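A.B. asks: let me see the structure of the following:
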Amino acid sequence: MSLLLFGGGYTYRTSVEYADSIEWVAHTQEVRATLADLSGSLAGAELAQRDYLLAAQQPMLEEYARLVGAVRGHLAELGRLTSDNPAQSQSWSELRAVVDTRLEELAGTLAAYRTYGLPAARAVLTVGREEMTPRTCAPSPIEWMPPK
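C.D. replies: Numbers count the residues shown, from 1 in each chain. Have a look, this model is predicted:
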């Protein structure tokens, strides 16, 4: 009888541990998917801005604005997803600073274009590219994985 109780307790404990592991894997995948969405939206916003600068068509500017909103939404979602882990929260803060800086650069380029035209926007883009260093790059998704 005691062997049966021991076996039942052991089975229950391993089932709970297995369920916890599944939750961590799902959470990790959700963080990674949100990071991919953030990256895609930011790249899309850069492309939409470039297309607008080259063609000066309003739909491209609207696409840029939509994607900037998506970037901000993905950042907020990452903040929510990583709030339970201090190391990830720190990485999120650093990522947010990098993304905010990039969005400010994009907005500055658009402001230069609207005020002074395409040559000014090109000058802003050139200066922005020269100032980019590896330090301003976002952390890789691997750094966001929870500890084992």
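A.B. asks: test my guess that Tyr52 contacts Met60.
C.D. replies: Yes - Tyr52 is in contact with Met60 according to CB atoms under 8 Å; the separation is 3.9 Å. Where C-beta positions appear, they are placed from N, C-alpha and C, glycine not excepted.
A.B. asks: who's more crowded, these two?
C.D. replies: Per other CB atoms under 10 Å, whichever of Tyr52 and Met60 has more neighbours is Tyr52, with 22 against 18.
A.B. asks: ok now the helix or strand where the more buried one lies, how far from the chain's centre?
C.D. replies: In this assignment (DSSP states H and E), Tyr52 forms part of helix 2-55. Offset of helix 2-55 from its chain centre (CA atoms, centre = their mean, to the nearest Å): 14 Å.
A.B. asks: elements contacting it?
C.D. replies: helix 58-82, helix 86-116 (3 or more CB pairs under 8 Å, 6 or more residues apart in numbering; DSSP states H and E).
A.B. asks: helix 58-82 and that helix, what's the angle between them?
C.D. replies: Angle between the axes of helix 2-55 and helix 58-82 is 160 degrees (criterion: axes from the mean of the first three to the mean of the last three CA atoms, to 10 degrees).
A.B. asks: and whatever helix or strand Pro119 lives in, what's its mean pLDDT?
C.D. replies: Element membership for Pro119, per DSSP H and E: helix 118-131. The average of the pLDDT scores along helix 118-131 is 73.
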